[in-house]
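this one's structure only:
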């Protein structure tokens with residue numbers, strides 16, 4: 001589906017707003033104590049999930065049910081192979097925590113040969129943190145639902161997600177693939193062939209925080225990607241994508257780094273009341289030509305309203321989006337309206353092998369700009 005006109009660039013670079021205007025974390029009541037369960041996939045035998053006798057494989061873990069206030073902790077310095085599927089929910093006052101224990105490197109979930117390494121299915125009030133997720137084919141971390149109710153209060157924090165390769169999104173034209181993906185409404189998960197999957201349009205995400213996540217190296221589409229409404233195989237997708245009653249909402253992506261993606265770096269689609277702040281994107285749009293699922297963007301939102309984008313502009317924080325011969329991709333793009341561009345400070349440089357191209361025709365509240373095509377170039381916005 002065509003989602004924007006070729007040759008139009010919408011971009012911004014902004015500095016921080018007044019302290020306290022937009023909180024960086026979601027605060028809530030103190031969590032009630034629950035049971036702590038342990039996983040050590042290097043253990044010789046499978047235990048009962050206690051510290052003295054931890055579970056040692058994902059098959060056992062996937063079969064467990066967890067309650068409000070519980071914690072599921074993976075031993076640092078170990079690797080669990082397979083696909084980790086989690087379907088339990090906490091409450092607003094007693095969320096469930098998935099994380100790490102011990103010392104050493106982050107515990108790893110290795111999804112070699114799997115379509116997804118981690119799947120959070122129908123979860124609410126869950127925090128997943130301090131994990132490395134690697135080597136799956138279509139999704140690194142897939143957050144989804146298979147029912148009509150919303151999924152609420154999901155936090156992904158301090159994760160490293162990398163090397164999602166080997167899958168193919170082109171048959172389905174599925175941008176909602178990649179390293180960290182929120183995509184609601186998968187009653188039957190697609191196998192990525194055209195027409196596969198069964199979906200509901202009435203499920204969405206609310207109150208999501210992605211904080212300090214590093215996502216890199218994928219031959220699928222996205223880095224950190226929120227597909228706010230499930231419109232795959234939807235003949236009414238134009239109206240459904242703009243229906244705020246079923247759009248995802250209250251999404252924050254912050255302090256995160258994305259690089260080496262075939263498509264978009266960081267993107268929020270079909271949502272409202274969202275924030276993207278203090279993020280770094282580079283080497284996005286790396287699919288060798290011809291690009292097969294639309295034109296990729298470093299950082300943007302689409303069919304979303306009441307969105308905020310802001311950057312501190314310190315140090316090396318930047319957005320760098322790769323351009324190839326004959327392509328006109330965007331470093332940063334906003335669509336469609338009611339966007340908050342705070343303390344506008346725009347500095348854009350276009351490079352090619354021979355000369356610099358200045359920004360031309362900057363105009364309007366949407367900061368539309370038409371820029372010339374370049375050869376073997378990079379686009380820096382900082």
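That came through, no problem. What you see is a predicted model; the values in this text were computed from it and never measured.

give me the low-pLDDT residue ranges for this structure?
Confidence mapping of the chain against pLDDT under 70 gives the ranges 1-32, 311-382.

point to the residue nearest the middle of the chain.
By Cα atoms, centre = their mean, the chain has its centre lying nearest to residue 224, at 2.3 Å.

distance of it from residue 252?
Taking Cβ to Cβ, to the nearest Å as the measure, residue 224 falls 11 Å from residue 252. Backbone N, C-alpha and C define where each C-beta goes, glycine included.

so what's residue 254 bridging to?
On the basis of DSSP bridges, residue 254 is bridged to residue 211, residue 277.

tell me the contacts of it?
Residue 254 makes contacts with 24, 209, 210, 211, 212, 275, 276, 277, 278, 279, as judged by Cβ atoms under 8 Å, 6 or more residues apart in numbering.

likewise residue 136?
The contact partners of residue 136, by Cβ under 8 Å, 6+ apart, come to 83, 111, 112, 114, 115, 116, 117, 164.

next one: residue 67
34, 35, 88, 90, 96.

burial check on the third one, number of neighbours?
It stands for residue 88. Using other Cβ atoms under 10 Å, the number of residues around residue 88 comes to 20.

show me the contacts for the closest residue to it other than its chain neighbours.
Nearest residue to residue 88 in three dimensions, chain neighbours excluded: residue 66, at 3.9 Å (Cβ to Cβ, 6 or more residues apart in numbering). Neighbouring residues of residue 66 by Cβ under 8 Å, 6+ apart: 34, 37, 72, 86, 88, 96.

end-to-end on stretch 42-53?
Terminal residues of stretch 42-53 are spaced 12 Å apart (Cα to Cα, to the nearest Å).

list the buried residues of it.
43, 47, 49 (16 or more other Cβ atoms under 10 Å).

related to what we said a few turns ago, give me the buried subset of the contacts of residue 67.
With burial judged by 16+ other Cβ under 10 Å, the buried subset of the contacts of residue 67 is 34, 88, 90, 96.

show only the entries of those residues found in strands.
Among the buried ones among the contacts of residue 67, the ones falling in strands (DSSP state E) are residue 96.

now the helices for the stretch 51-200 of the chain?
Here the stretch 51-200 of the chain has its helices, by DSSP state H, counting those that start in this stretch, at 58-62.

quick one: which of the contacts of residue 66 is nearest to residue 260?
Closest to residue 260 out of the contacts of residue 66 is residue 86 (26.9 Å), distances taken as Cβ to Cβ.

what count of nearby residues applies to the closest one?
As a burial measure, residue 86 scores 21 neighbours (other Cβ under 10 Å).

contacts only, for it.
Residues in contact with residue 86 (Cβ under 8 Å, 6+ apart) are 62, 66, 72, 98, 118, 119, 120, 121, 123, 126, 128.

beta partners for it?
On the basis of DSSP bridges, residue 86 is bridged to residue 120.

try residue 129
residue 157.

check the secondary structure at the closest residue to residue 237 other than its chain neighbours for me.
Excluding its sequence neighbours, the residue lying closest to residue 237 (Cβ to Cβ, 6+ apart) is residue 231, at 3.9 Å. At residue 231, secondary structure determined by DSSP: H, G, I helix; E, B strand; the rest coil is coil.

need the contact list for residue 231.
The contact partners of residue 231, by Cβ under 8 Å, 6+ apart, come to 201, 237, 240, 241, 270.

which residues do residue 224 and residue 252 both contact?
Contacts common to residue 224 and residue 252, judged by Cβ under 8 Å, 6+ apart, are residue 210.

next, the contact list for the nearest residue to residue 173 once chain neighbours are set aside, please.
Distances taken as Cβ to Cβ, 6+ apart place residue 293 nearest to residue 173, at 5.2 Å, with adjacent residues excluded. Residue 293 is in contact with 169, 170, 173, 174, 175, 221, 263, counting by Cβ under 8 Å, 6+ apart.

what lines up beside the longest strand along the chain in the sheet?
Ranked by residue count and defined by DSSP E, the top strand of the chain is strand 297-310. Sheet pairing for strand 297-310, assigned by DSSP bridges, gives strand 266-269 (parallel), strand 271-277 (parallel), strand 330-336 (parallel), strand 339-341 (parallel).

ok so, going back, would you list the contacts of residue 66 in JSON lines and tack on distance to residue 197?
Formatted as JSON lines, these follow (distance: Cβ to Cβ, whole Å):
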{"residue": "34", "distance to residue 197": "34"}
{"residue": "37", "distance to residue 197": "32"}
{"residue": "72", "distance to residue 197": "28"}
{"residue": "86", "distance to residue 197": "20"}
{"residue": "88", "distance to residue 197": "24"}
{"residue": "96", "distance to residue 197": "27"}
